[in-house]
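Chemist: any chance you can model this:
(chains A and B)
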Amino acid sequence: MTDTITHSAALANSLRSQPDDNGHFGAFGGRYVAETLMPLILELEKVYKAAKVDPEFHAEYAELLRSYVGRPNPLYYAQRLTEALRAKAEPGKGAKIYLKREELNHTGAHKINNCIGQALLARRMGKKKVIAETGAGQHGVATATVAALFGMECKIFMGAKDVERQKPNVFRMKLLGAEVIPVHSGSSTLKDSMNDALRYWVSNVHDTFYIIGTAAGPHPYPELVRDFQSIIGKEIRAQIMEAEGRLPDMLIAPVGGGSNAIGMFHPFLDDPEVAMIGVEAAGEGLDKKHAASLAGGASGILHGNRTYLLQDEDGQITEAHSISAGLDYPGIGPEHSWLHEIGRVKYLPIKDDEALESFQTLSRLEGIIPALESAHAVAAAEQVAPTLDADKIIVVNLSGRGDKDIFTVADALGVEM
Amino acid sequence: MDRLATRFAACKAQGRAALITFVTAGDPDVASTPAILDALVAGGADIIELGMPFTDPMADGPAIELANLRSLGSGTKTKDVFALAADFRARHPETPLILMGYANPMLARGSDWFADQCQAAGVDGVICVDIPPEEDAELGPALRAVGVHLVRLATPTTDAARLPAVLNGASGFLYHVAVAGITGKQQAAQANIEMAVDRLKAATDLPIAVGFGVRTPEQAAAIGRVADGVVVGSAIVDIVGSHGDAAAPFVQEFVASLSGALTTSIRETAA
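Modeler: This is a model prediction of the structure:
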């Protein structure tokens, strides 16, 4: 499959200069929000532009990442996983697999990189209240954490179904001082919690900042979330140069909204020798219930941006399904839609059962329990590595740790806890 | 003059604001909608807003959100919405009809397709909640090419610097969203509405309609004294929610009370 991952010289001079002034990544992105929100979005754009070129902003962000989040986190050579896959591969095959250890961040996932950046922006805008949507609760916990750190009032919108199946995270958010608001509308999952967060925001624009959890939503969110998450790719670049003296041959990351993936990919977009795979959740299979917006969706408009969505022929949004709550969303960040269309990144669907298998494999072989989201990326690496020569290098983004998923996994494996 | 301009002019000649009423197409089902639309007209509505149902109506409060879900739950399709519009046009050749909804259902088959359907069904205008002026290219040019109005929204957060952008490309009328919020919730202070309408009238010759949070004949009458149109949605949708397929007479009675209040308010003003 790697033969298909080639990049034509016809691509634009730089793939890292998106979005344009109106927030478009090719045909995707944009600002599709109610008029009430437009002035605030435009103000956020102005504030972010100023912050981007402000050394003090960068210094404060970098210091918090270092002393509070615990960055840089390691790039770890997964030797036993690599060797196990080589044992099954043809002689001379089996790429070397590195793991980017985002799960070692404070709060256990990449989400905090973005939350700290947005909280700094909220403070610059004089907002003392923050809201966020959450699915599994990881972004909710990260937002509640930074709200505590910055002394901000915090409300987390969470689908009633998710509140029920993610009780430990709900309690964590409450401990951190956040109010968790169960959302009963629609299908009571992530997309509905985003709807209700937007409803709350539009009613409280004067004093509230919306910390969106992924690289999606109206411009400038996809851009600023990507920029905050790009610390992942920047660190990988430096770390792999130190470890191997060269860039990796392939990057693999899971994609729900796609913030960890775009953060990993973006610093490498102009390096044609680095192939990239975004892993979508194929749920029970692409012909059944799934959450693979690129493989099984079409371009449309939802939650402030034009992007690929799961929808029917009338443009009604269809329900997503994945065993991983963090991937259980019927859309994807607009920059991924663009990278998919121009072919720079390949997107590969991985099913629930494949992710479950890799969840256990990585636990047993490396002593690392990955988040179910990250297990999708590990599964893709297990498929791809044996097809590559042994001197190739793959980096997998281990976006989060799997403690939160042990109940789900036990349930799927039929284990009583 | 087209239907919208004619109707606003007629109301103005009578010295009253136009009554604009909203219901969701296919709520509770497609079969019940024609009788409800007829009840709006019989009750005295001047302009009809027909909601296109969407799975994720994130600018709407619980009343209209539930209406969307009832409609989709009973199987309403986009083709049904246009069939309801075309039948309405045949029964009520003079009453302006506006489609209101969200971008994704409107653009699912492309803006040209949508605009052609609007024109063929006799739809006079479109309100799209989540296409701000910045994204006009998605829908505006296609509607203008077939002579269907794109009605723009101005809100309490639309400041003087931004208002020209909202007005550029607006036609039919200007919809003033009275509260920074979702449909059917808070009610705006009358003084704020009056200030906003004055500000908008100074900036445009388009008729100004005021909506969001208008639930009673008294509120409608008060707003009608300053605005060219008053929009009532959630309060009517609540009646449909309570009475389902038997809602038409209740809807008519309520709309008649709104319409009566708008007419009375002229007499009071005159007296």
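Chemist: what sits against residue B:44?
Modeler: Going by CB atoms under 8 Å, 6 or more residues apart in numbering or on different chains, residue B:44 touches B:19, B:255-256, B:258-260. For every residue, glycine as well, the C-beta is placed using N, CA and C.
Chemist: I'd like the residues you listed written out as JSON lines, with neighbour count and distance to residue A:154 added.
Modeler: Rendered in JSON lines, the data for those read as follows (neighbours: other CB atoms under 10 Å in any protein chain shown; distance: CB to CB, whole Å):
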{"residue": "B:19", "neighbour count": "26", "distance to residue A:154": "43"}
{"residue": "B:255", "neighbour count": "24", "distance to residue A:154": "43"}
{"residue": "B:256", "neighbour count": "16", "distance to residue A:154": "47"}
{"residue": "B:258", "neighbour count": "27", "distance to residue A:154": "41"}
{"residue": "B:259", "neighbour count": "20", "distance to residue A:154": "46"}
{"residue": "B:260", "neighbour count": "16", "distance to residue A:154": "48"}
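Chemist: elements contacting the helix or strand where residue A:381 lies?
Modeler: Per DSSP states H and E: residue A:381 is located in helix A:372-384. When contacts are defined as 3 or more CB pairs under 8 Å, 6 or more residues apart in numbering or on different chains; DSSP states H and E, helix A:372-384 packs onto helix A:79-88, strand A:250-254, strand A:275-283, strand A:346-351, helix A:352-366, strand A:393-397.
Chemist: which stretch among those comes nearest chain B?
Modeler: Nearest of those to chain B, taken as CB to the nearest CB: strand A:275-283 at 18.6 Å.
Chemist: any idea how far residue A:177 lies from chain B?
Modeler: 26 Å (CB to the nearest CB, to the nearest Å).
Chemist: surely that residue meets residue A:148?
Modeler: Yes - with contact defined as CB atoms under 8 Å, residue A:177 reaches residue A:148; the gap is 5.4 Å.
Chemist: what stretches of chain A score poorly on pLDDT?
Modeler: A:1-12 (pLDDT under 70).
Chemist: count of residues packed around the residue of chain A found nearest chain B?
Modeler: Residue of chain A nearest chain B, by CB to the nearest CB: residue A:315 (3.1 Å). Using other CB atoms under 10 Å in any protein chain shown, residue A:315 has 25 neighbouring residues.
Chemist: report the angle between the axes of the helix holding residue A:381 and strand A:275-283?
Modeler: 120 degrees (axes from the mean of the first three to the mean of the last three CA atoms, to 10 degrees).
Chemist: tell me what angle helix A:372-384 forms with strand A:393-397.
Modeler: Orientation check (the same axes, to 10 degrees): helix A:372-384 against strand A:393-397 gives 160 degrees.
Chemist: that older thread, return the closest of the contacts of residue B:44 with respect to residue B:222.
Modeler: The shortest approach to residue B:222 among those belongs to residue B:258, at 12.1 Å (CB to CB).
Chemist: quick one: secondary structure of the closest one?
Modeler: Following DSSP: H, G, I helix; E, B strand; the rest coil, the label given to residue B:258 is helix.
Chemist: might you report the residue contacts of it?
Modeler: By CB under 8 Å, 6+ apart, the contact set of residue B:258 is B:19, B:21, B:43-44, B:217, B:220, B:230, B:232.
Chemist: what do you get if the cut-off is 6 Å, keeping everything else the same?
Modeler: Going by CB atoms under 6 Å, 6 or more residues apart in numbering or on different chains, residue B:258 touches B:19, B:217, B:220, B:232.
Chemist: what about residue B:263, how many residues close to it?
Modeler: Residues lying near residue B:263 (other CB under 10 Å) number 17.
Chemist: kindly report the same for residue A:339.
Modeler: Residues near residue A:339, counting by other CB under 10 Å: 28.
Chemist: tilt between the host helix or strand of it and strand A:346-351?
Modeler: Per DSSP H and E: residue A:339 is located in helix A:334-342. Helix A:334-342 and strand A:346-351 meet at an angle of 110 degrees, taking the same axes, to 10 degrees as the criterion.
Chemist: what residues does the stretch 101-250 of chain B have near chain A?
Modeler: Residues of the stretch 101-250 of chain B that fall close to chain A, judged by CB under 6 Å from any CB of the partner chain: B:103-105, B:108, B:129-130, B:132, B:134-135, B:153, B:155, B:157, B:180-182.
Chemist: what's the closest non-adjacent residue to the closest residue to chain A within the stretch 51-200 of chain B?
Modeler: Nearest residue of the stretch 51-200 of chain B to chain A (CB to the nearest CB) works out as residue B:108 at 3.1 Å. Distance criterion CB to CB, 6 or more residues apart in numbering or on different chains; nearest residue to residue B:108, sequence neighbours excluded, is residue A:315 at 3.1 Å.
Chemist: so which of the residues of the stretch 101-250 of chain B next to chain A sit within helices?
Modeler: B:103-105 (DSSP state H).
Chemist: buried among these? Make that a PyMOL selection.
Modeler: A single PyMOL command selects the buried members of those (16 or more other CB atoms under 10 Å in any protein chain shown):
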select buried, chain B and resi 103+104+105
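Chemist: adding pLDDT and distance to residue B:203, write the ones in helices among the residues of the stretch 101-250 of chain B next to chain A out as TSV.
Modeler: TSV is the format used below for these (pLDDT from 0 to 100; distance: CB to CB, whole Å):
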residue	pLDDT	distance to residue B:203
B:103	98	26
B:104	98	31
B:105	98	31
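Chemist: can you pull the contacts of residue 198?
Modeler: Using chain A. Counting by CB under 6 Å, 6+ apart, residue A:198 makes contact with residue B:58.
Chemist: in which helix or strand would I find the residue located most distally from the centre of chain A?
Modeler: Here chain A reaches farthest from its C-alpha mean at residue A:91, the gap being 35.1 Å by CA atoms, centre = their mean. Using DSSP H and E, residue A:91 maps to neither a helix nor a strand.
Chemist: may I have the phi/psi pair for it?
Modeler: Main-chain dihedrals, residue A:91, degrees, to the nearest 10: phi -60, psi 140.
Chemist: let me know the secondary structure of residue B:34.
Modeler: On the basis of three-state DSSP, residue B:34 is classed as helix.
Chemist: the closest residue to it other than its chain neighbours: how many residues sit nearby?
Modeler: Distances taken as CB to CB, 6+ apart place residue B:87 nearest to residue B:34, at 6.1 Å, with adjacent residues excluded. For residue B:87, the count of nearby residues is 15 (other CB under 10 Å).
Chemist: with residue A:197 instead?
Modeler: By other CB under 10 Å, the residues close to residue A:197 number 27.
Chemist: helix or strand next in line after whatever helix or strand it lives in, which one?
Modeler: For residue A:197, the host element (DSSP H and E) is helix A:190-203. The C-terminal neighbour of helix A:190-203 among helices and strands, as given by DSSP H and E, is strand A:208-210.
Chemist: which other helices and strands does that following strand contact?
Modeler: strand A:129-134 (3 or more CB pairs under 6 Å, 6 or more residues apart in numbering or on different chains; DSSP states H and E).
Chemist: quick one: contacts of the following helix or strand past the strand it packs on?
Modeler: Next along the chain after strand A:129-134, taking DSSP H and E as the criterion, comes helix A:138-150. Residues outside helix A:138-150 that contact it (CB under 6 Å, 6+ apart) are A:107, A:109, A:111-112, A:115-116, A:119, A:130, A:132, A:134, A:154, A:156, A:169, A:172-173, A:176-178, A:211, A:213.
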